[in-house]
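> I need the structure of the sequence given here:
(2 chains)
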Protein chains: 2
Amino acid sequence: MNQDKPLILVTNDDGISAPGIRTLIDVMSKIGTVVVVAPDSPQSATGHSITINDTLYINKISKENAPILEYSCSGTPVDCVKLAVNEVLKRKPDLCVSGINHGSNSSINVIYSGTMSAAVEAGIEGIPAIGFSLLDYDWNADFEQIKTFIHTISLEVLEKGLPENIVLNVNFPKLKEKEIKGIKICRQAKALWIEKFDKRKTPQGKDYYWLTGEFVNQDKGEDTDEWALANGYISIVPVQFDLTAHHAIQQLNTWKWNE
Amino acid sequence: MNQDKPLILVTNDDGISAPGIRTLIDVMSKIGTVVVVAPDSPQSATGHSITINDTLYINKISKENAPILEYSCSGTPVDCVKLAVNEVLKRKPDLCVSGINHGSNSSINVIYSGTMSAAVEAGIEGIPAIGFSLLDYDWNADFEQIKTFIHTISLEVLEKGLPENIVLNVNFPKLKEKEIKGIKICRQAKALWIEKFDKRKTPQGKDYYWLTGEFVNQDKGEDTDEWALANGYISIVPVQFDLTAHHAIQQLNTWKWNE
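Down below sits the predicted model:
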């Protein structure tokens, strides 16, 4: 950690005006120098999407001499991180935090999550990064209950750094601060969404669909994020961006590929 | 493998009219019963994006009694897989193939790739899945050179199945068929994109950006996909969707999270 105040990049996927990111900015401003580069509109479930076939805009929205620099961006959460690192910030930030997401990014949700993809992108660029999510989809969720934990976790990461090539996926149960039992380091539960498309007709009679679904946890392991959250704990999953299934290489090498 | 002809779902991210997917459909039609559900427009770099804040449309574009059912979809590659499995297909397919992508999905590109995200989504749903990419961004790339390999790899997967919870990321070097040395099972090389934003002005004088960048491979390992491709081999990386960095859990547990 630098002797100077740490430089902290804040982003999210719910858009720069979401209560979740406003809470995160508030906590980070007590830790370091904060720069915000976040989508100008909601970008939930954009995954690791980037904008390559369209133009990108960034607008400085903070006032002259404001203590915190804020920029809104027309792109995805990953675009925000790339633009922040390359065009906005004068040096590599000491920490990138993404969120607080309005809703869960535990288990398989990590893969669809714009919040976590922003953190992963920062990780790829060598920046210690954390995604924060609260298991409450309400726009007016009570983020006050988790501010102390976010402060603690962020300080810990700033102080210790993170193991190489990983970022943290932090999910909070929807509980009062005093009810939260503590923090558990977890693995991602094996779960999936069983889709159910809601089929409707336009006023002109054309079929269309809304994607809906039911989350099904097939994994009862007590070392999973789902277990921790269901039992009153904050879950922290170390997330990697080497997607290689190393354990499968040996088996695949027994196949007769080149005969 | 069923006694009946295998049911094969084909999708991509370059859009249903791209030469890459037309080649893939051609190869698959010699193996099984093919159903195509692919984006109606290019969706490159959409990652694991899904459409939750907008409506989805599917249009049957194949003619009555055509041997291959084809549907275009307004959504992302992942939406295509979800819609195919839930609304189009009468049973779970025996194989899902995605591509052939016009351009590389080796190394870190896997994380931005719509092609691979479609394959990963199929994998999450328990369907053996393969993403195919050719290292040639040209719309009129010579896909003929790799048809035999795609046929062989697909048959191998249909016959043997895949290890649980993995899908295959297959990349082809831009070579003539006879120049290709064979297939190598690889790990994802540690590489990244160094962004370079191309800053321009609109006719009205407003700044905007195009995302460009340079691919930098920091990993000289001869067990990587980058090495295989640079040396004339087809790379196959087994890809997993459990993003947990299991090796980091022990280390993170030594931190004083709950004091």
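
> looks to me like residue A:84 is in a helix.
Yes. Applying DSSP: H, G, I helix; E, B strand; the rest coil, one finds residue A:84 inside a helix.

> ok, it to chain B distance?
As defined by CB to the nearest CB, to the nearest Å, residue A:84 lies at a distance of 11 Å from chain B. C-beta here means a position set from N, CA and C on the backbone, and glycine is covered the same way.

> now swap in residue A:202 and tell me
8 Å.

> that residue touches residue A:209, doesn't it?
No. When contacts are counted by CB atoms under 8 Å, residue A:202 is not listed as touching residue A:209 (11.3 Å).

> which one's more surrounded, the two?
residue A:209 (23 against 10; other CB atoms under 10 Å in any protein chain shown).

> and that one, that's in a helix?
No. Secondary structure assignment (three-state DSSP) places residue A:209 in strand, not in a helix.

> skip the chain neighbours and tell me the closest residue to residue A:123.
Nearest residue to residue A:123 in three dimensions, chain neighbours excluded: residue A:167, at 3.9 Å (CB to CB, 6 or more residues apart in numbering or on different chains).

> alongside chain B, which residues does the stretch 1-150 of chain A contribute?
Residues of the stretch 1-150 of chain A lying close to chain B by CB under 8 Å from any CB of the partner chain are A:42, A:44-53, A:55-58, A:78-79, A:82-83, A:85-87, A:108, A:110-112, A:117, A:120, A:124-125.

> which among these end up buried?
A:42, A:44-52, A:56-58, A:78-79, A:82-83, A:85-87, A:108, A:110-112, A:117, A:120, A:124-125 (16 or more other CB atoms under 10 Å in any protein chain shown).

> so after the helix or strand where residue A:9 lies, what's the next helix or strand?
If you go by DSSP states H and E, residue A:9 is part of strand A:7-11. Per DSSP H and E, strand A:7-11 leads on to helix A:19-28 as the next helix or strand towards the C-terminus.

> in that following helix, what's buried?
So, applying 16+ other CB under 10 Å, buried residues of helix A:19-28: A:19-21, A:23-25, A:27-28.

> quick one: work out the angle between the helix or strand where residue A:239 lies and strand B:233-240.
Using DSSP H and E, residue A:239 sits within strand A:233-240. Between strand A:233-240 and strand B:233-240, the angle comes out at 180 degrees (axes from the mean of the first three to the mean of the last three CA atoms, to 10 degrees).

> name the helices or strands packed onto strand A:233-240?
helix A:114-124, strand A:166-172, strand A:182-185, helix A:225-230, helix B:246-253 (3 or more CB pairs under 8 Å, 6 or more residues apart in numbering or on different chains; DSSP states H and E).

> again, 7 Å this time
strand A:166-172, strand A:182-185, helix A:225-230, helix B:246-253 (3 or more CB pairs under 7 Å, 6 or more residues apart in numbering or on different chains; DSSP states H and E).

> for that strand, C-alpha coordinates in PDB please.
In PDB, the C-alpha atoms belonging to strand A:233-240 read as follows (Å, rounded to 0.1, in the frame of the first residue of the first chain):
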ATOM      1  CA  TYR A 233     -22.700 -15.500   6.800                       C
ATOM      2  CA  ILE A 234     -21.100 -13.200   4.300                       C
ATOM      3  CA  SER A 235     -19.600 -15.400   1.500                       C
ATOM      4  CA  ILE A 236     -16.300 -14.600  -0.100                       C
ATOM      5  CA  VAL A 237     -15.400 -16.700  -3.200                       C
ATOM      6  CA  PRO A 238     -11.900 -16.200  -4.700                       C
ATOM      7  CA  VAL A 239     -12.700 -16.000  -8.500                       C
ATOM      8  CA  GLN A 240     -10.200 -16.800 -11.200                       C
END
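
> next, the buried residues of the helix or strand residue A:198 falls within.
Element membership of residue A:198, judged by DSSP H and E, is strand A:191-201. Judged by neighbour count using 16+ other CB under 10 Å, the buried positions of strand A:191-201 are A:191-193, A:195, A:197.

> partner strands of it, parallel or antiparallel?
strand A:207-217 (antiparallel) (DSSP bridges).

> can you tell me what sits against the strand it pairs with?
Here strand A:207-217 makes contact (CB atoms under 7 Å, 6 or more residues apart in numbering or on different chains) with A:107, A:189, A:191-202, A:226, B:50-52, B:55-57, B:79, B:82-83.

> next: stretch A:63-82.
With CB under 7 Å, 6+ apart as the criterion, stretch A:63-82 contacts A:11-13, A:16, A:25, A:29, A:34-40, A:43, A:46, A:48-51, A:56-62, A:83, A:88, A:96, A:98, A:114-115, A:117-118, A:121-122, B:195, B:211.

> I'd like the average pLDDT over that stretch.
For stretch A:63-82, the mean per-residue pLDDT is 93.

> and that stretch, how far from the chain's centre?
Relative to its chain's centre, stretch A:63-82 lies at 16 Å (CA atoms, centre = their mean, to the nearest Å).

> start and end of it, how far apart?
Stretch A:63-82 has an end-to-end distance of 23 Å (CA to CA, to the nearest Å).

> in it, what's buried?
In stretch A:63-82, counting by 16+ other CB under 10 Å, buried: A:70-82.

> what's around residue A:253, how many residues?
11.

> meant to ask about residue A:218, not that
Neighbours of residue A:218 using other CB under 10 Å come to 10.

> quick check: it vs chain B, distance?
11 Å.

> isn't that residue up against residue A:190?
Yes. At 5.5 Å, residue A:218 counts as touching residue A:190 under the criterion of CB atoms under 7 Å.

> in which helix or strand would I find residue A:81?
helix A:77-83.

> same check on residue A:155?
helix A:147-160.

> CA atoms only for that helix - export them in CSV, please.
Output of helix A:147-160 as CSV, limited to C-alpha atoms (Å, rounded to 0.1, in the frame of the first residue of the first chain):
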residue,chain,number,x,y,z
LYS,A,147,-21.0,-0.7,5.3
THR,A,148,-18.8,-1.8,8.2
PHE,A,149,-18.0,-5.1,6.6
ILE,A,150,-17.2,-3.6,3.2
HIS,A,151,-14.8,-1.2,5.0
THR,A,152,-13.1,-4.0,6.8
ILE,A,153,-12.8,-6.3,3.7
SER,A,154,-11.5,-3.5,1.5
LEU,A,155,-8.9,-2.4,4.1
GLU,A,156,-7.8,-6.1,4.4
VAL,A,157,-7.3,-6.4,0.7
LEU,A,158,-5.5,-3.1,0.4
GLU,A,159,-3.1,-4.1,3.2
LYS,A,160,-2.4,-7.7,2.2
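
> alright, I will stop here.
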